[in-house]
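Chemist: next come a sequence and a model predicted from it.
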Amino acid sequence: FQLVESGGGLVQPGGSLRLSCEAPGFTLDLYHLGWFRQVPGKEREGVSCLSDTNTYYTDSVKGRFTISRDNAKNAFYLQLENLKPEDTAVYYCAAELVYNPHAMCDMTPSVWDYWGQGTQVSVSS
């Protein structure tokens, strides 16, 4: 099981990016899906997660970021809008195998089973 990320880059403040995470050959139906970010010297931060029960966004990205999934493509996405310099980080996608279909997703990094390789998002003028 492998998560392959793409879509990072350098944008100016106010710009947009779309991050993609694909799981070639695997269905994501039974997984919670999430996005985290990390800057050097700081802990990995939960940005957003998606389950059948809930959608979560950390306060700093509410109204600007949108998580979505495409089961037919075995992929999920994070749309980043109105980017700010403080959004600069390495972004990681993650998947957690779910045994309880009613469970809510949890942004504690240790509960997530699979991780993408990370993609750099830099916001600067």
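Modeler: Now that the structure is in, tell me what you want to look at.

Chemist: now for the helix or strand hosting residue 69, which elements pack on it?
Modeler: Using DSSP states H and E, residue 69 falls within strand 65-70. When contacts are defined as 3 or more C-beta pairs under 8 Å, 6 or more residues apart in numbering; DSSP states H and E, strand 65-70 sits against strand 31-38, strand 45-50, strand 55-57, strand 75-80. Quick note: C-beta positions are derived from backbone N, CA and C, even for glycine.

Chemist: now, of these, which is deepest in the fold?
Modeler: Most buried of the helices and strands packed on strand 65-70, by mean neighbour count (mean count of other C-beta atoms under 10 Å): strand 31-38, with a mean of 24.

Chemist: partner strands of that one, parallel or antiparallel?
Modeler: Using DSSP bridges, strand 31-38 pairs in its sheet with strand 45-50 (antiparallel), strand 89-97 (antiparallel).

Chemist: can you pull up the most central residue in this structure?
Modeler: Closest to where the C-alpha atoms of the chain average out (C-alpha atoms, centre = their mean) is residue 35, at 2.0 Å.

Chemist: if we can go back for a sec, run through who's touching the strand holding residue 69.
Modeler: 28, 33, 35, 47-50, 55, 57, 75-81 (C-beta atoms under 8 Å, 6 or more residues apart in numbering).

Chemist: and which of those is nearest residue 89?
Modeler: Nearest to residue 89 among these: residue 47, at 8.8 Å, using C-beta to C-beta.

Chemist: the residue nearest to that closest one when sequence neighbours are not counted pairs with what?
Modeler: Residue nearest to residue 47 in three dimensions, not counting chain neighbours: residue 35, with 4.6 Å by C-beta to C-beta, 6 or more residues apart in numbering. Taking DSSP bridges as the rule, residue 35 bridges to residue 48, residue 93.

Chemist: I'd like the distance between residue 35 and residue 8.
Modeler: Residue 35 sits 12 Å away from residue 8, taking C-beta to C-beta, to the nearest Å as the criterion.
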